[in-house]
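J.: Predicted model and sequence below, questions to follow.
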Amino acid sequence: MKTFEEKWTAWLDGQLSGKELADFEASLPDLAAAEAERRDAHKLGAFLKEQLAPQALSNAEFFSHQLHERIAREDRAGDRGTRFPRWTIPRLVWSGTTALALFLITAVWLINQHQPGQQSEYLTQILNSRVDPVANPNATVYIFQSKNQNKVTVLWTEGLQSLSADYAAK
Amino acid sequence: MHLRAVLFAVCFALAISIASSRAANIVWTGMVIAQNVPQPAPVPPELTKLEQTLKELFGYNQFEVIGQSDKTLKTGQEDWLANSKYFGLHVDARGENDSGYTLNLKLYKENDVLLETDANLSKSSPLVIKGPQVGSGQLLLVLVVKDDEQAHQRRHAEPVNPITAGWHRLQRIFHRVVP
């Protein structure tokens, strides 16, 4: 058994029909006022339906720009956050120690390449010398370095055939 | 980014050091008659630094150049001749070595080879060869690598620094690997 309110709501919504509709309209004290009220209720319903529908977003480009900026900001913050911890203090110490050790090994190796007692590479060296044995059968050759700061290397020959003063001509 | 900057700086420094060490050197070759005379002439400019050494070694008071040559060595493979009227000194450079140049020297008297020698001529150590007696004097052969004056003075003023020597050695190794 429907209450009056249920029947009224159903009548407003147009859901009553047949004998039930005729009985309900007959029970109304003022049918014309009820009809006016029903029209108003339909108008209000239509208005509310229109106003409460989801609003289409305006200014889509601005929204998109804001969104991109935020993503970029978060990316930068993320980069800083992930890059810095790679060079932690222990890693820096280990890297420095390794580099120093490599440098020292290379330096010691390079310095030790020149053995003590070996003739200095900064002096001129005579590798070999030959004197014509037929023209100079008694020729001998000596090699030495001067003791002064000029570091002159001397190839000293003895017993070469003497020549006349004419050979001193320019 | 920092790593790239460091790598760039290292490459730049290497390039500069290689370029500077590849600078051409001039080898002065002279045939000198040394003798004792009452009024000795002044020594030629090329022998100024060696004058005292030559006097002490050979006991003569005058050194006259009778033939000379200034040869700029770029590849270390050049050859040249210093001539006088009767003598010729042929120098054949056979490459750059650790400290200077490997040379083959032949002293000619007209067409005869009087003396032949192979030497590593150092940039900081001149070579003097005592040749035959000529009249009352002595023929001397002198080879000097002319170098940057400041570098030359620095080398003589300071003892050889092992770190510098090591660095130069590293440069030479690098040159051998990357000719």
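T.: It's in. Residues are numbered from 1 along each chain as shown, chains lettered A, B, ... in the order given.

J.: C-alpha only now, for contacts and for neighbours.
T.: Noted.

J.: Around chain B, pick out the residues from chain A.
T.: Taking Cα under 8 Å from any Cα of the partner chain, the part of chain A that reaches chain B is made up of A:107, A:110-111, A:121-132, A:146, A:148-157, A:160-170.

J.: Mark which of the residues you listed are buried, thanks.
T.: Buried by 16 or more other Cα atoms under 10 Å in any protein chain shown: A:107, A:110-111, A:121-126, A:129, A:131, A:150-155, A:157, A:160, A:163, A:167-168, A:170, out of those.

J.: Among the residues you listed, which are located in strands?
T.: If you go by DSSP state E, these have A:125-126, A:129, A:131, A:153-155, A:157 in strands.

J.: Now render these as JSON lines, adding pLDDT.
T.: Below are these laid out as JSON lines (pLDDT from 0 to 100):
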{"residue": "A:Q125", "pLDDT": "89"}
{"residue": "A:I126", "pLDDT": "90"}
{"residue": "A:S129", "pLDDT": "90"}
{"residue": "A:V131", "pLDDT": "89"}
{"residue": "A:T153", "pLDDT": "92"}
{"residue": "A:V154", "pLDDT": "92"}
{"residue": "A:L155", "pLDDT": "93"}
{"residue": "A:T157", "pLDDT": "91"}
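
J.: Show me how chain B divides into domains.
T.: Taking automatic domain parsing as the reference, chain B has its domains at B:25-147, B:148-179.

J.: Please apply the same query to chain A.
T.: A:4-51, A:119-170.

J.: immediately after the element among helices and strands of chain B having the smallest mean pLDDT, which helix or strand?
T.: Least confident helix or strand, chain B: helix B:149-157 with a mean of 47, by mean pLDDT, DSSP states H and E. Next helix or strand after helix B:149-157 toward the C-terminus (DSSP states H and E): helix B:162-177.

J.: Go ahead and produce PDB holding the CA coordinates of that next one.
T.: The C-alpha trace of helix B:162-177 is given here as PDB (Å, rounded to 0.1, in the frame of the first residue of the first chain):
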ATOM      1  CA  PRO B 162     114.200  13.400 -12.100                       C
ATOM      2  CA  ILE B 163     110.500  14.300 -12.300                       C
ATOM      3  CA  THR B 164     111.200  16.500 -15.400                       C
ATOM      4  CA  ALA B 165     113.300  13.800 -16.800                       C
ATOM      5  CA  GLY B 166     110.500  11.300 -16.200                       C
ATOM      6  CA  TRP B 167     108.000  13.600 -17.900                       C
ATOM      7  CA  HIS B 168     110.300  14.000 -20.900                       C
ATOM      8  CA  ARG B 169     110.600  10.200 -21.000                       C
ATOM      9  CA  LEU B 170     106.900   9.900 -20.900                       C
ATOM     10  CA  GLN B 171     106.600  12.300 -23.800                       C
ATOM     11  CA  ARG B 172     109.100  10.300 -25.800                       C
ATOM     12  CA  ILE B 173     107.200   7.100 -25.100                       C
ATOM     13  CA  PHE B 174     104.000   8.900 -26.300                       C
ATOM     14  CA  HIS B 175     105.800  10.000 -29.400                       C
ATOM     15  CA  ARG B 176     106.900   6.400 -30.200                       C
ATOM     16  CA  VAL B 177     103.300   5.200 -29.700                       C
END
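
J.: residues of that helix that come out buried?
T.: B:166, B:168-169, B:171-172.

J.: pLDDT of that helix, averaged?
T.: Averaging pLDDT along helix B:162-177 gives 71.

J.: Can you pull out the low-pLDDT segments for chain B?
T.: B:1-23, B:98, B:147-161, B:164, B:175-179 (pLDDT under 70).

J.: Just the element for the residue nearest the centre of it, please.
T.: By Cα atoms, centre = their mean, the mean C-alpha position of chain B lies nearest to B:V145, the distance being 2.5 Å. When secondary structure is defined by DSSP H and E, B:V145 falls within strand B:137-146.

J.: Repeat that for A:G14.
T.: In the assignment (DSSP H and E), A:G14 maps to no helix and no strand.

J.: coming back round to it: okay if I get the ones in strands among the buried ones among the residues of chain A next to chain B as TSV plus distance to A:A99?
T.: Below are those laid out as TSV (distance: Cα to Cα, whole Å):
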residue	distance to A:A99
A:Q125	38
A:I126	41
A:S129	48
A:V131	55
A:T153	42
A:V154	45
A:L155	47
A:T157	53
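
J.: of the residues you listed, closest to A:L102?
T.: Nearest to A:L102 among those, counting by Cα to Cα, is A:Q125 at 33.8 Å.

J.: beta partners of the closest one?
T.: Beta-bridge partners for A:Q125, by DSSP bridges, are B:N120.

J.: Does it touch B:K123 like I think?
T.: No: using Cα atoms under 8 Å as the test, A:Q125 is too far from B:K123 to be in contact (11.5 Å).

J.: Sounds good, over and out.
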